[in-house]
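> Sequence below, structure please.
(3 chains)
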Amino acid sequence: MVMAIKLAEIVNRLGGELQGDGETLIERIAPLESAQAGEIAFLSNPKFLPQLATTGASAVIVAPGLADSASGARILHPDPYLYFARLAQLLAPKTPTPMGIHPSATVMSELPGNVHVGAGAYVGTNVRIGANTVIGTNAIVGSNVTIGANCRLYPNATISHGCRIGAHTIIHSGAVIGADGFGFAREKDGHWVKIPQTGIVIIGDDVEIGANTTIDRGALENTVIGNGVKIDNLVMIAHNVQIGENTAIAACTGVAGSAVIGKRCTIGGSSNILGHITIADDVNISACTYIAKSILTRGAYTGSVPSLPHDEWLKNFARLRHLDSMADKIRALEARLKELENK
Amino acid sequence: MVMAIKLAEIVNRLGGELQGDGETLIERIAPLESAQAGEIAFLSNPKFLPQLATTGASAVIVAPGLADSASGARILHPDPYLYFARLAQLLAPKTPTPMGIHPSATVMSELPGNVHVGAGAYVGTNVRIGANTVIGTNAIVGSNVTIGANCRLYPNATISHGCRIGAHTIIHSGAVIGADGFGFAREKDGHWVKIPQTGIVIIGDDVEIGANTTIDRGALENTVIGNGVKIDNLVMIAHNVQIGENTAIAACTGVAGSAVIGKRCTIGGSSNILGHITIADDVNISACTYIAKSILTRGAYTGSVPSLPHDEWLKNFARLRHLDSMADKIRALEARLKELENK
Amino acid sequence: MVMAIKLAEIVNRLGGELQGDGETLIERIAPLESAQAGEIAFLSNPKFLPQLATTGASAVIVAPGLADSASGARILHPDPYLYFARLAQLLAPKTPTPMGIHPSATVMSELPGNVHVGAGAYVGTNVRIGANTVIGTNAIVGSNVTIGANCRLYPNATISHGCRIGAHTIIHSGAVIGADGFGFAREKDGHWVKIPQTGIVIIGDDVEIGANTTIDRGALENTVIGNGVKIDNLVMIAHNVQIGENTAIAACTGVAGSAVIGKRCTIGGSSNILGHITIADDVNISACTYIAKSILTRGAYTGSVPSLPHDEWLKNFARLRHLDSMADKIRALEARLKELENK
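Down below sits the predicted model:
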């Protein structure tokens, strides 16, 4: 069974300006290119403007300036992508998880009745979990952990002892929150002496942590992930890192120990942040960029390396080893040339 | 107990030209350097040619042109490495997994009798699993998942609801198939609005997915992994990516959202593919290379950066910040020199 | 309840020179900046020297040369960071894990009584585990695995069949030891033929393996991790790699197949080591560095790329494609200039 909603009802709930038939029934969102009757599409990238004319969608979401480019029913909104996100939430099927503790789960704490603990999951001693939170199949919640209301731990997620997680937070499968930070001192003979990691991880409200991401517990102090932070898959957040509110970090990124990242930053995939540095608020770091010094000014920063056909790469990148001597040669040429000119 | 097979029987089954005593018994494959009696070795890299003379192997696999370099029994085949792979499969011990559902598993669907579900594993509702498929210990198969015949999910693998996996496919431990894609729109105040990820992951036949690799489910449409694709460990495949048949991706690589990768490509380890770009068939991307633009022509592409002794690196890489002014200086020198020459 | 220890007792146990009141009670270690009464701090980075004067710590650990910079009780030691590590171990709360097998665990081997197997954990057939070893919740130990005494497998760790782990070794959550190496030969039509990975992983004593790190089993021979090796989170160690004693590898690093890494090396985060190369003992590789050739001489090696404000990056990094022609132009200028000079 598919739920359908009238276009007028959508605008009633989410705002925007309706043009065309408000009785149009919408079942689903679809891409402009492939949308069909019963579906609504959106245009956020001007590149796809030509598709507005040919889309089979029953309605479209467009910016006010493009109202005339759409022929059928439409919703005008200054940020069609944001509107799409809100609408997608409205239309997303809600499949409520039945509350209660699966008989194969091991639960060592007293939990409220409106919590779900899946098959094979483990909840240690002295754990507090808020209402409507779901602990997925085979997920693990260590002792002394606190988790707020309306959270979801997906299957196989691991939360180590003592960590604290706010409300409305999502932890995806395979994520490991609160493993030991990588802290060792070195004996003269090369042996490493482990530094006990006695801090915890504190995660705010409305955070999302991707699959197989790891966030290590602090050494002496804590690792802190602010409210609204979104972290993609396979990201490494080392011990004692602090991440400000609403910062988003794309996949495969590494943030080294004690780095402090500001609010509302965006960090592209496979980027790296050196330890013990500071990133200001509202900094945008491109994908595949290594930040080795503090960034104190908002703005965009990049260090990614272009790729080339292999033969061209061979010729050009070998020169990287000679940049310094190239600069020297240029200086020498300038001096000799000046001498000639002065003759 | 070790199985032994006659050299003549190997050639009988796998082809190639036999030279020497077909009665030679082979128990195992070993590297040229360390092989002993009862073992067969292969030479695929000419660098190791001298080892042919000294190997203790009872037989060797070599290219026809090198037949005379081997002194004992040998199998001639134009591709010794491929022959080795086939032989390794032939010789690999087959330890059949006993079929049936472990009493500690939680299975919510009706499964055929010739399926194995390991201890602590979970199979949700409305799941279909083909004959001879093995669901490993503590592995998780969400609701509405379809898995073909002869697949193996290793322990702790996670397949989220609705995903579809073909036949003869291997998913290694810790892999997470079908977590939410990383999709958010941004409010003006910096808050992120989650875009429900309503697509699935579709994986073909004869695919292998490495340990702790993540393949996210699509946003509106699906993430699609073609037949015969091989993906190594700790790889990130973002939402809506499409990967063509028989493409191989080495470890630690990230493929961003909606990228389309062709058939028979090879992608080196720790590479990155930007989102929304297209890679043609038969493209070879070197390790540690970032592909930020579509590649429409087959061939090899590289962008990896050479390393240097630290002192040399300090001198040379600092110049990267001055490449533009170096180019300007060269142009200026050329102009001034021309003027002098014309005097 | 908090344990407190007298300063004199600390020096008695760990060495160093005591100056000031040996009766001073220490409960905890804290950073210089935030330490309060009952806490001890340490100074290892001269940058924080001014904090010595203002710290609220009851005592500090400093190098002998800085004895006069501290005003209160102090311990003098030539390596305050190492002293801190030892002291942290001394002060770390010991919460012994109760030994025994959780009723929900599945154990197919006979284990000594002084082993802990957590809820939902699995131990296959023919496994040997040493005294005081802890197998965490939902962790998996495949058949024929050997694990030494005093080890700890954190929840959700996976050890595949046949692997061998020494004593005093720690494996963090989500780590996968012994998945198949990524080994395939290619048919002419592009299909990949899987090479059975018949080796194992051998891990020494006193090793630590980070969360979600993967160490693949060998193809023909074994993957070997030496004693005292420390590996951070999300690291990939491919098949047949050998890592020498007391080498430390930071997070997100990839080591490709058959690489041989020496003893006492340090490898920065997000670095990559090409396959089949050799790294000497005592090599230090910086973060974000790609080692594509063997390193035969101890020392520091770097290849990381500086980042720039995006506009500057656009201008400068585009020139990377023209380095070869820049070098040609410089050579041509030199020739022309010489000609002019000789006139």
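> ok, and for the helix or strand of chain A with the lowest mean pLDDT, which residues are buried?
Among the helices and strands of chain A, helix A:50-54 carries the lowest confidence by mean pLDDT, DSSP states H and E, at a mean of 91. Using 16 or more other CB atoms under 10 Å in any protein chain shown as the test for burial, helix A:50-54 gives A:51, A:52. In short, each C-beta sits where N, CA and C put it, glycine included.
> Give me the residues contacting that helix.
Helix A:50-54 is contacted by residues A:32, A:33, A:43, A:60, A:62, A:66, A:69, A:70, A:71 when judged by CB atoms under 8 Å, 6 or more residues apart in numbering or on different chains.
> Could you do stretch A:307-322 as well?
Outside of stretch A:307-322, the residues within contact range by CB under 8 Å, 6+ apart are A:326, B:285-286, B:289-292, B:299-306, B:308, B:312, B:316-317, B:320, C:320-324, C:326-327.
> Isn't residue A:229 up against residue A:241?
No: using CB atoms under 8 Å, residue A:229 is not in contact with residue A:241, being 11.0 Å away.
> Just the closest residue of chain A to chain C, please.
residue A:303 (3.1 Å; CB to the nearest CB).
> Look at the closest residue to that residue other than its chain neighbours and say how many residues are nearby.
Of all residues not flanking residue A:303 in the chain, residue C:307 sits nearest, at 3.1 Å (CB to CB, 6 or more residues apart in numbering or on different chains). Residues lying near residue C:307 (other CB atoms under 10 Å in any protein chain shown) number 25.
> Report the separation between the residue of chain A closest to chain C and residue A:295.
Per CB to CB, to the nearest Å, residue A:303 is found 12 Å from residue A:295.
> quick one: which of these two has more around it?
When neighbours are counted by other CB under 10 Å, residue A:303 comes out ahead of the other of residue A:303 and residue A:295, with 23 against 20.
> what sits against the more buried one?
A:286, A:288, A:289, A:290, A:291, C:305, C:306, C:307, C:308, C:313, C:317.
> The same query, at a cut-off of 10 Å, please.
Residues near residue A:303 by CB atoms under 10 Å, 6 or more residues apart in numbering or on different chains: A:271-272, A:285-286, A:288-292, B:320, C:288, C:304-308, C:310, C:313, C:317.
> Just these: which are in helices?
Counted as lying in helices by DSSP state H, out of the contacts of residue A:303, are C:310, C:313, C:317.
> who wins for neighbours among those?
Greatest neighbour count in those, by other CB under 10 Å, goes to residue C:313: 22 neighbours.
> Let me see the confidence value for it.
Listed pLDDT for residue C:313 reads 97.
> same deal with residue A:93?
Per the predicted model, pLDDT is 80 at residue A:93.
> Doesn't it belong to a helix?
No: under DSSP: H, G, I helix; E, B strand; the rest coil, residue A:93 sits outside any helix and is assigned coil.
> State the number of residues packed around it.
Residue A:93, neighbours per other CB under 10 Å, totals 9.
> That one against residue B:162, yeah?
No: using CB atoms under 10 Å, residue A:93 is not in contact with residue B:162, being 11.2 Å away.
> so what's in contact with the two at the same time?
Common neighbours of residue A:93 and residue B:162 (CB under 10 Å, 6+ apart) are residue B:198.
> now residue A:302: how far from residue B:182?
20 Å.
> These two: who's more crowded?
Using other CB under 10 Å as the criterion, residue A:302 and residue B:182 rank with residue B:182 on top: 28 against 21.
> I'd guess that one is in a strand, am I close?
No: using three-state DSSP, the secondary structure at residue B:182 is coil, not a strand.
> Isn't it up against residue B:254?
No: with contact defined as CB under 10 Å, residue B:182 does not reach residue B:254; the gap is 11.4 Å.
> Which neighbours do these two have in common?
A:232, A:233, A:250, A:251, A:269, B:236, B:238.
> In terms of distance to residue B:190, which of the residues you listed ranks first?
residue A:250 (16.6 Å; CB to CB).
> Now, the contacts of residue A:303 that are in strands?
Judged by DSSP state E, strands contain the following of the contacts of residue A:303: A:272, A:285, A:290, A:291, C:308.
> beta partners of the last one?
Note on residue C:308: beta-bridge partners residue A:302, judged by DSSP bridges.
> how near is the closest residue to residue A:285 other than its chain neighbours to residue A:216?
Leaving aside its sequence neighbours, residue A:285 sits nearest to residue A:267 (CB to CB, 6+ apart; 4.7 Å). Counting by CB to CB, the separation of residue A:267 from residue A:216 is 18 Å.
> same check, this time on residue A:45
Residue A:45 sits 38 Å away from residue A:216 when distances are taken as CB to CB.
> ok, the two, which is more surrounded?
residue A:216 (31 against 11).
> what sits against the more buried one?
Residue A:216 is in contact with A:160, A:176-183, A:197, A:199, A:201, A:223, A:236-241, A:257, C:172, C:210-211, C:232-233, C:251, counting by CB under 10 Å, 6+ apart.
> so how far is residue B:312 from it?
33 Å.
> So is stretch A:131-138 next to chain C?
Yes: counting by CB under 10 Å from any CB of the partner chain, chain C is contacted by stretch A:131-138 at residue A:138.
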